[in-house]
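Colleague: show me the folded form of this:
(2 chains)
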Amino acid sequence: MNKQQILIEFRDFSFEYPTSENLPALQNINLQIKAGNLTVLCGMSGSGKTTLLRHLKPELSPAGKKTGDLIFADSLREKNILYNRQKIAYVMQNPSNQIIMDSVWHELAFGLENQGLKVQEIERRIAEIAIFFGIETWIDKKVAELSGGEKQILNLASNMILQPDLLVLDEPTAQLDPIARRDFLQMLFYIHSETGISIVISEHNLNDLLENADHVFFLDEGKLDFSGSAIGLADYLFSNDHSYKTVLPLATQISYLSGINQITEKSLTRPLSIKQGRDLLKRALLYQSTKTLADDQQIDINDKIGIPGGEIKGFSDEIDVPDDAIKSSNLKSEQIEKILTVDRVWYRYNPDDDLVLKETSLNIYKNEIFVIMGGNGSGKSTLLYLMSRALKPFKGQIKSAEQRRIAMLGQNPEAVFAQDTVLQVLTEYKQRFANTEQEISDIIDLFDLRDLLQRHPYDLSGGEKQKLALAKVLLIKPDILLLDEPFKSLDVINKQKIKRILLELKQKMSIVIVTHDVDFISEIADRCAMIFNQRIIAQSATTDFFQKNSYFTTTTYRLTRDIIPGCIVFHDLQQKLRNLTNGELSDA
Amino acid sequence: MQSLKDYHPTVSLFYFISVLTCSMITRNPIWVLLCLIFAIIYVIQLKGFKHFLFQLIYFLPMLIFIVFMNSYFNSLGLTVLFYLGRGSPVTVENLTYGVISGLALFTIFLWFICFNLLLTADQILAIMGKRLPTIGLSLAMIIKFIPDTIKQGREVLLNQKAMLGEQKLSGKQKVKFAARMLTVLLCWSMENSLETADSMLAKGYPGKNRINYSREHFNSGDAGLISTVLILFVVHLICAFSGPIKFAYYPFLNWSGLAADRILRIISLLSLFLILVFPLLLDIINWFKWQRVFKQEQTMQKHINNGIIVYE
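Modeller: Numbering: from 1, shown residues only, chains lettered A, B, ... in the order given. Got it, this is the predicted structure:
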């Protein structure tokens, strides 16, 4: 056993916010952060992740009642400096708000200026970090010209330039799109492997992260529930049937499905990445088929990996289209009422700007969930604003039936909060939209806002803000609901809740959603469209849409493509595997 | 060529301060015309003749307007040429004054074009940060803050419209609506700046020994240029104000400065000329330097082409 140095240790640590009437934010935490590790801190929103992380950075540690010990290693303390400012770096969630200065080089220099370094030293460090991070090409740019992903990379760089021993990141990718998230995480892993720096990161999306984690902590309601390896966490969550298990990477989740679990237990490892997951699936199917072909014959299954799934007995290439997808593709027929038509719309923000949308057409039908996907800056949000009538197209038309009320909720819920309490936010348009007390009360219960009514909207967590904004928009009683990235800051439990609510709302209204969250949306969408190069490129029923794509598609489909055909969402895969094992049982 | 750009921004700053002061202190036609000619040459040198013509198109109507206004409202001057409308006299004096004032304005305008091109906001910030660190820091933060806030303001407005759908508002409601939008924006950006403050703390602000880093390096060459400009400038001011600069337009055109000492007149004009020609001189010197290197390279190339490589 190699002994790693302990950087920070919590001993029976508890913390209570001065204003909270509820339980302490952290209760009896005992944990050690070890040098050189990439430590992942996970848990539901509101489980105390941020509170814990802020205690790792003394300048930012919140005020409140602390009991127990919090011990920093000597190496983290500078002799004459009260706080360990050069030794611990802290990256937060919002890419723009963390940036202090106006231009990239100036932002990089900021921390070094505070340390009062010599000019030559500052220049050397800037050059070094710019080359290491590959940002020399935009070092002269103003930060306002950067994209969100670039801003977050800059935040990482401007912290790393201080040469810290410990890097703390609080949900750094929560506001990034999947591509920017991938780039950011790759950069982070690169830094970790190149410099051996200790990293503590909290995230609510564990994909791509767990496979690189050295240690995982799982917080639940302010208590440390689990500490150990990523696979250990998976075992713990599944053996306790914890609701958080759905956050685990899909590849890990399938390894617990009946019929596959036995195989995984034999090989003693569980998959964390897509590739490992595919290997496991292949092995599992092979195992099943060899079992039925020759009952007791010993076959080394490892030799047969690589046989395409299509050849394996028990599956046909025929694609099963789920019932609801057929229903939704029928939507195109004339009998179903069109509720909104976007007819060859062109748009640009200013006369001299490039086009944002070019001859874009689409129809929204009654009682459907329509999803628009696409890259950053592809015009998705603009299209939504156009549909809401907040923007006017300069060419083309947007038509909707008379008396249809359209309401939209943008990406940032803060933009619709003008009051001091949650209750006031909800009752702002009470008269205008004739909301009865009953309606408001129902909505409050639907979104679990009852306990928060007297709080200031800005004091809510990201997920709670999102729910509040959604509640406010629903009180407008729209016929068409337009949502821009509504799942961005929601955790799994809230996502499932919103999913149920949206499916229920579908009976009463049409819903158009713009999102990057392919996996989640594939479970609820009736039709999907992709926007690229200012136009709607593909537009079809959900199943069809994701089956035609090989890269821009759901994780389940990427996992099972050519192995078990026709699985778009996790549920499909479960169904298929159940059929398989049942079939075998009846055969036997 | 923009040789001034190769030096520390304080050189450009001092240069423009002196040249602007020189262009503004007097309405003496000789001084004004001298400044104008060099301003024109410098603009052409920096941005090309086309750009200058373009500026001229804008300026000419303005010049006519200034001359007209001056002659219309100002009835001073003895040499009456003709009368405008209800009897306001147009005299040689007020006409000349109008033209010279207009040209002086144009000169300053042209200097600002050059100034804008040679000194970026970043450089002004760098100069500022050295002398007034807190203001420099605040300015940099404001420059970052403004585009963010504009973007957020736009988002608030769009979101509000998008949430409520189309609505017709009366005047009073409009004011109320605008006030509400402003509240949302203020709350939001204040909330965001809390995070910025946290980020500053996390990076060790203010720090005991905080310094101000700028990418510009000040060296002895810069100091030499600045002192040259400053000496010329002071000499010019002293000589010019001791007499030769004086010029009266009313009641009749009279260069009273002619009475001043001839040597003073020559020194002040010479120093002005040197100040004005200064950036062009730098360009010319650099051009010759470059020519020499270029020629050397060419001969070298010739040797290589002939198959002879000469090591010197």
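Colleague: give me the distance between residue A:498 and residue A:249.
Modeller: Applying Cβ to Cβ, to the nearest Å, the value for residue A:498 to residue A:249 is 22 Å. All C-beta spots, glycine's among them, are computed from the backbone N, C-alpha and C.
Colleague: and the residue of the stretch 51-200 of chain A closest to chain B?
Modeller: Closest residue of the stretch 51-200 of chain A to chain B, Cβ to the nearest Cβ: residue A:116 (2.9 Å).
Colleague: and for residue A:422, the neighbour number?
Modeller: 26 (other Cβ atoms under 10 Å in any protein chain shown).
Colleague: which residue is nearest the centroid of the chain?
Modeller: Let's take chain A. Centroid check for chain A by Cα atoms, centre = their mean gives residue A:205 as the closest residue, at 4.8 Å.
Colleague: ah, no, chain B please
Modeller: residue B:112 (2.6 Å).
Colleague: host element of it?
Modeller: helix B:92-118 (DSSP states H and E).
Colleague: distance of the residue of chain B found nearest chain A relative to residue B:202?
Modeller: Residue nearest to chain A within chain B (Cβ to the nearest Cβ): residue B:209, separated by 2.9 Å. Noted for residue B:209: a distance of 18 Å to residue B:202, by Cβ to Cβ.
Colleague: of these two, who's got more company?
Modeller: Each of residue B:209 and residue B:202 has its neighbours counted (other Cβ under 10 Å); residue B:202 has more, 23 against 10.
Colleague: didn't that one look like it was pressed against residue A:59?
Modeller: Yes: Residue B:202 lies in contact with residue A:59 (Cβ atoms under 8 Å); the separation is 6.0 Å.
Colleague: quick revisit: with neighbour numbers in mind, choose between residue A:498 and residue A:249.
Modeller: residue A:249 (26 against 21).
Colleague: what about the closest residue to that one other than its chain neighbours, which SS state?
Modeller: Of all residues not flanking residue A:249 in the chain, residue A:207 sits nearest, at 5.0 Å (Cβ to Cβ, 6 or more residues apart in numbering or on different chains). When classified by DSSP: H, G, I helix; E, B strand; the rest coil, residue A:207 comes out as coil.
Colleague: residues in contact with residue A:207?
Modeller: Neighbouring residues of residue A:207 by Cβ atoms under 8 Å, 6 or more residues apart in numbering or on different chains: A:249-250, A:555.
Colleague: which among these gets closest to residue B:102?
Modeller: residue A:555 (71.4 Å; Cβ to Cβ).
Colleague: quick one: contacts for the closest one?
Modeller: A:207, A:249-250, A:274, A:518-519.
Colleague: got phi/psi on the residue nearest to the centre of chain A?
Modeller: phi -110, psi 110 (degrees, to the nearest 10).
Colleague: thinking again about what came up before, redo the contacts of residue A:207 as JSON lines? Include pLDDT.
Modeller: Formatted as JSON lines, the contacts of residue A:207 follow (pLDDT from 0 to 100):
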{"residue": "A:249", "pLDDT": "88"}
{"residue": "A:250", "pLDDT": "86"}
{"residue": "A:555", "pLDDT": "86"}
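Colleague: can you show me the strands along the stretch 51-200 of chain B?
Modeller: Remark: strands assigned in the stretch 51-200 of chain B by DSSP state E, counting those that start in this stretch are B:80-84, B:88-91.
Colleague: hmm, I was thinking of the stretch 1-150 of chain A
Modeller: Under DSSP E, counting those that start in this stretch, the stretch 1-150 of chain A gives strands at A:6-16, A:26-34, A:38-43, A:65-72, A:88-91.
Colleague: residue B:299 sits in which helix or strand?
Modeller: Per DSSP H and E: helix B:262-305 holds residue B:299.
Colleague: check which helices and strands that helix sits against.
Modeller: On a contact count with 3 or more Cβ pairs under 8 Å, 6 or more residues apart in numbering or on different chains; DSSP states H and E, helix B:262-305 meets helix B:9-24, helix B:29-47, helix B:220-241.
Colleague: from the chain's centroid, how far away is the first one?
Modeller: With Cα atoms, centre = their mean, to the nearest Å as the basis, helix B:9-24 stands 8 Å off its chain's centre.
Colleague: circling back to that earlier point, now do the phi/psi pair for the residue of the stretch 51-200 of chain A closest to chain B.
Modeller: Torsion angles, degrees, to the nearest 10, at residue A:116: phi 70, psi 40.
Colleague: so the nearest residue to it once chain neighbours are set aside, which state does it fall into?
Modeller: Distances taken as Cβ to Cβ, 6+ apart put residue B:209 closest to residue A:116, at 2.9 Å, once the chain neighbours are dropped. Using three-state DSSP, the structure places residue B:209 in coil.
Colleague: what angle sits between the helix holding residue B:112 and helix B:9-24?
Modeller: 170 degrees (axes from the mean of the first three to the mean of the last three Cα atoms, to 10 degrees).
Colleague: which of the contacts of residue A:555 fall within helices?
Modeller: A:250, A:274, A:518-519 (DSSP state H).
Colleague: ok, so of the residues you listed, who is nearest residue B:6?
Modeller: residue A:518 (52.4 Å).
Colleague: now the residue nearest to that closest one when sequence neighbours are not counted: how far from residue A:566?
Modeller: In space, residue A:518 comes closest to residue A:554 once its chain neighbours are excluded; the distance is 5.5 Å by Cβ to Cβ, 6+ apart. Going from residue A:554 to residue A:566 by Cβ to Cβ gives 12 Å.
Colleague: neighbour-wise, which of the two wins?
Modeller: residue A:554 (25 against 21).
Colleague: re earlier: pretty sure the residue of the stretch 51-200 of chain A closest to chain B is touching residue B:213, no?
Modeller: No: in this structure residue A:116 lies outside contact range of residue B:213 using Cβ under 8 Å: 10.0 Å.
Colleague: so between these two, which is more surrounded?
Modeller: Neighbours per residue (other Cβ under 10 Å) separate residue A:116 from residue B:213, with residue B:213 holding more: 23 against 14.
Colleague: just say helix, strand or coil for that one.
Modeller: coil.
Colleague: please name the residues that touch it.
Modeller: A:109, A:112-113, A:119, A:122.
Colleague: quick revisit: tell me the angle the helix holding residue B:112 makes with helix B:262-305.
Modeller: Using the same axes, to 10 degrees: helix B:92-118 against helix B:262-305 is 40 degrees.
Colleague: packing partners for helix B:92-118?
Modeller: Counting by 3+ Cβ pairs under 8 Å, 6+ apart, helix B:92-118 packs on helix B:9-24, helix B:29-47, helix B:49-73.
Colleague: output the ones in helices among the contacts of residue A:555 as a markdown table; include the columns distance to residue A:468 and neighbour count.
Modeller: A markdown table is the format used below for those (distance: Cβ to Cβ, whole Å; neighbours: other Cβ atoms under 10 Å in any protein chain shown):
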| residue | distance to residue A:468 | neighbour count |
| --- | --- | --- |
| A:250 | 30 | 21 |
| A:274 | 36 | 17 |
| A:518 | 26 | 20 |
| A:519 | 25 | 18 |
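Colleague: re earlier: now tabulate the strands of the stretch 1-150 of chain A in CSV and tack on mean neighbour count, distance to chain B and mean pLDDT.
Modeller: Listed next are the strands of the stretch 1-150 of chain A as CSV, based on neighbours: other Cβ atoms under 10 Å in any protein chain shown; distance: least, Cβ to the nearest Cβ, whole Å; pLDDT from 0 to 100:
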stretch, mean neighbour count, distance to chain B, mean pLDDT
strand A:6-16, 18, 16, 90
strand A:26-34, 18, 17, 90
strand A:38-43, 24, 18, 93
strand A:65-72, 14, 16, 88
strand A:88-91, 25, 4, 92
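Colleague: which among those is found nearest to residue A:409?
Modeller: strand A:38-43 (26.7 Å).
Colleague: list of residues touching the closest one?
Modeller: A:33, A:49, A:52-53, A:189, A:192, A:198-204, A:206, A:209-210, A:212-220, A:225, A:230, A:233, A:244, A:247.
Colleague: list the strands paired with it, with their directions.
Modeller: strand A:198-202 (parallel), strand A:215-220 (parallel) (DSSP bridges).
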